[in-house]
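[1] Just need the structure, nothing else, for what follows:
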Amino acid sequence: MERLMVVKLVGHGCTAEAWFNGLPLARVTPLATEAVVPAHEAALIGVNRLELVVGPDAGASSAAALLQNAPHAMSAQLHLLLPRIGAAVDETHARTLAHLEWACAAGEPFSLPARQQHDADLPIRFPRWRWLDAPVVQPTAAVTQQAHAFVSGLARDLARGQTESFMTATRLRTEELALAYQRSPESEAARLREWLEQMYAVSRLVWQPLRPEEMRLRPLAGGRLLECLGGDGRAALTTVPDKAGDVLALPLKVSVVDGRFYVLR
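    Model prediction:
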């Protein structure tokens, strides 16, 4: 693979997210102002939608309450880039496939969330990912309860050093990520298992408690994927902070078919 398609998100004085075909790929905050992540696993054949969302935590119901004058200058820029492997990931050195930006000067009125979007037909061809054919599922109370049991089971096994249930649950995701980046599914699975075993060996797989009432499912990709989150918006599988205050998070975006959960992203 000579080139790697990435999204580069830069923000100043604001929180912003980069979405690609209905999936959130990157997030910046006033304290973490830049993010660069690969985007192959979300790319489609044909038209692809890139979206910049500023103030993503604000729902439509509260947007009016957030109408105010900007206390300082704010801006966000999103680039979909195609740099060569090993080259600088920079819009001046890589091919720009799409670009979005938002800005608000100090003292100007603004409301959140603010959205910009762009549709682009990409010059790269990708397989048809399984999540495109997954059924649309509403995050009902019953589905959320089932998801809590599913995630809790994975957490329990990983905390005991038992990786098989997680490897089985994420097999399809591992296969498609390997395909997206032209790697071997077997080597990707082995790498993931080895990493999990290493994290268990150094006591890094101690999970933050997740009570049933805290479980939240965020619909993505038109409801074909559900992102498993805790009540504070963190990934449902997030470790307790270590001595340095760092945490590990294992994001889970699942589809539900006949009551069974499959991790696809």
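[2] Only C-alpha atoms from now on, for both contacts and neighbour counts.
    Will do.
[3] packing partners for the host helix or strand of residue 98?
    Taking DSSP states H and E as the criterion, the element that holds residue 98 is strand 95-104. On a contact count with 3 or more CA pairs under 8 Å, 6 or more residues apart in numbering; DSSP states H and E, strand 95-104 meets strand 47-54, strand 74-82, strand 114-121.
[4] for this structure, what's the longest helix?
    As assigned by DSSP state H, the longest helix anywhere in the chain is helix 141-159.
[5] Enumerate the positions of it that are buried.
    Under the neighbour-count criterion of 16 or more other CA atoms under 10 Å, helix 141-159 has 143, 144, 146, 147, 148, 151, 152, 154, 155, 158, 159 buried.
[6] what's the average pLDDT for it?
    Averaged across helix 141-159, the pLDDT comes to 97.
[7] hmm, who's touching that helix?
    By CA atoms under 8 Å, 6 or more residues apart in numbering, the surrounding residues in contact with helix 141-159 are 163, 165-166, 196, 200, 205-207, 210, 212, 215-217, 228, 236-237, 261.
[8] Which members of those residues are positioned in strands?
    Among those, the members found in strands (DSSP state E) are 216, 217, 228, 261.
[9] any idea which of the residues you listed is the one closest to residue 115?
    In terms of CA to CA, no member of the ones in strands among the contacts of helix 141-159 lies closer to residue 115 than residue 217, at 22.0 Å.
[10] Touching, that closest one and residue 225? I think so.
    No: counting by CA atoms under 8 Å, residue 217 does not reach residue 225; the two are 9.3 Å apart.
[11] quick one: which of the two has more around it?
    The neighbour comparison of residue 217 against residue 225 (other CA atoms under 10 Å) goes to residue 225, with 29 against 24.
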